[in-house]
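A.B. asks: what follows is a protein structure lacking sequence information:
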């Protein structure tokens, strides 16, 4: 099955634990790493109620500008926020853990929350979790805490058609594997989780679900990105996004449905999805 055009860039050898990321790795050109800011807070000393969030990830974060959508949603709910982004197409947490650019971005501001998003397929395979994802996540979580910020895992969605080549014949089986991958490291490191993948599954089960994937069956549509932003809103602010006036490009009806699903997913069982903590 071909991998996604942006987040994918990955060739897998199923019989060996070899992950090749095209254009990344030791010879990566760091200029490919996108660094963006969404200013909204004055100096920290002057704005203790302002929330600064840094998103570390790849195209699942940058497509449709998730940090910007989240910021606009937060402001529509009366929250002062500032967001930053460190992301490169196809990047893994391992790439970020070894990147001086990501390290500099982390140290640049007094972030309140730092979001970690792994490459979309890697969390679904136990071997790659243990050799790639988990060691990098532990390094990044340690660096985040050393900066006085709170880490937050971005539990993403599965591919629309699963990953048959690796024993996941459909969306549901791949989503279950991704859930397991994120929850294990989050529990090990006592890190909160933004359960975007769980909300995705709930929304798909509705009688008239939103179109959450782009045509590639991997990257999010605008509705998918809006759903992710709503989950982050509920996770970070402990409030349901239901009723917020910012709808991105969606109709009021579709936005309201997505808001309700996100709020119920996170806040329906707050002990399962607690707020980010130190």
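C.D. replies: Looks like it arrived, so ask away. Small disclaimer: the values here were computed from a predicted structure and weren't measured.
A.B. asks: near residue 209, how many other residues are there?
C.D. replies: When counting by other Cβ atoms under 10 Å, one arrives at 14 neighbours for residue 209. Yep, even glycine has a C-beta here, placed from its N, CA and C like the rest.
A.B. asks: do the same with the one 5 residues further on
C.D. replies: The burial metric for residue 214, expressed as a neighbour count using other Cβ under 10 Å, is 18.
A.B. asks: now residue 239
C.D. replies: Residues lying near residue 239 (other Cβ under 10 Å) number 16.
A.B. asks: run a quick neighbour tally on the closest residue to it other than its chain neighbours.
C.D. replies: Sequence neighbours aside, residue 77 is the residue nearest to residue 239 in space, at 6.6 Å (criterion: Cβ to Cβ, 6 or more residues apart in numbering). Neighbourhood size, residue 77 [other Cβ under 10 Å]: 17.
A.B. asks: run through who's touching stretch 66-78.
C.D. replies: Here stretch 66-78 makes contact (Cβ atoms under 8 Å, 6 or more residues apart in numbering) with 36, 38, 40, 51, 53, 55, 60-61, 81-85, 225-226, 228-230, 232-233, 236-237, 239, 241, 244-246, 248.
A.B. asks: redo that, cut-off 6 Å
C.D. replies: With contact meaning Cβ atoms under 6 Å, 6 or more residues apart in numbering, stretch 66-78 is reached by 38, 55, 81, 83, 85, 225, 228-229, 232-233, 244-246, 248.
A.B. asks: please apply the same query to stretch 120-138.
C.D. replies: Under Cβ under 6 Å, 6+ apart, the answer for stretch 120-138 is 7, 17, 60, 93-94, 97, 118, 156, 166, 174, 177-178, 181-182, 185.
A.B. asks: biggest separation within the residues you listed, which pair?
C.D. replies: The largest separation in the contacts of stretch 120-138, counting by Cβ to Cβ, is between 97 and 174 at 24.5 Å.
A.B. asks: quick one, which of those two is more surrounded?
C.D. replies: With neighbours defined as other Cβ under 10 Å, residue 97 and residue 174 compare such that residue 174 has more, 26 against 20.
A.B. asks: next SSE after the helix or strand hosting that one?
C.D. replies: Element membership for residue 174 (DSSP states H and E) is helix 171-189. Going down the chain from helix 171-189, the next helix or strand is strand 192-194, by DSSP H and E.
A.B. asks: how many neighbours does residue 101 have?
C.D. replies: Around residue 101 there are 16 residues (other Cβ under 10 Å).
A.B. asks: over to residue 89?
C.D. replies: Residue 89: 20 neighbours (other Cβ under 10 Å).
A.B. asks: one more: residue 139?
C.D. replies: 15.
A.B. asks: and the closest residue to it other than its chain neighbours, what does it touch?
C.D. replies: Leaving aside its chain neighbours, residue 139 sits nearest to residue 97 (4.4 Å; criterion: Cβ to Cβ, 6+ apart). Taking Cβ under 6 Å, 6+ apart, we find residue 97 in contact with 136, 139-140.
A.B. asks: go on, residue 235?
C.D. replies: Contacts of residue 235 (Cβ under 6 Å, 6+ apart): 194, 266.
A.B. asks: what's in contact with the host helix or strand of residue 52?
C.D. replies: Assessed by DSSP H and E, residue 52 sits inside strand 51-57. Residues from elsewhere that reach strand 51-57 (Cβ under 6 Å, 6+ apart): 61, 67, 81-87, 96, 111-117.
A.B. asks: ok, 8 Å please
C.D. replies: 41, 44, 61, 66-67, 70, 74, 79-87, 91, 93, 96, 102, 105-106, 109-118, 140, 149, 154, 232, 236-237.
A.B. asks: which stretches of the protein have low pLDDT?
C.D. replies: Residue ranges of the chain with pLDDT under 70: 1-40, 42-48.
A.B. asks: mind listing the residues bridging to the spatially most central residue of it?
C.D. replies: Closest residue to the average C-alpha location of the chain: residue 154 at 3.4 Å, with Cα atoms, centre = their mean. Assessed by DSSP bridges, residue 154 has beta-bridge partners residue 194.
A.B. asks: pretty sure it is in contact with residue 116, am I right?
C.D. replies: Yes - contact criterion Cβ atoms under 8 Å: residue 154 and residue 116 qualify, at 6.4 Å.
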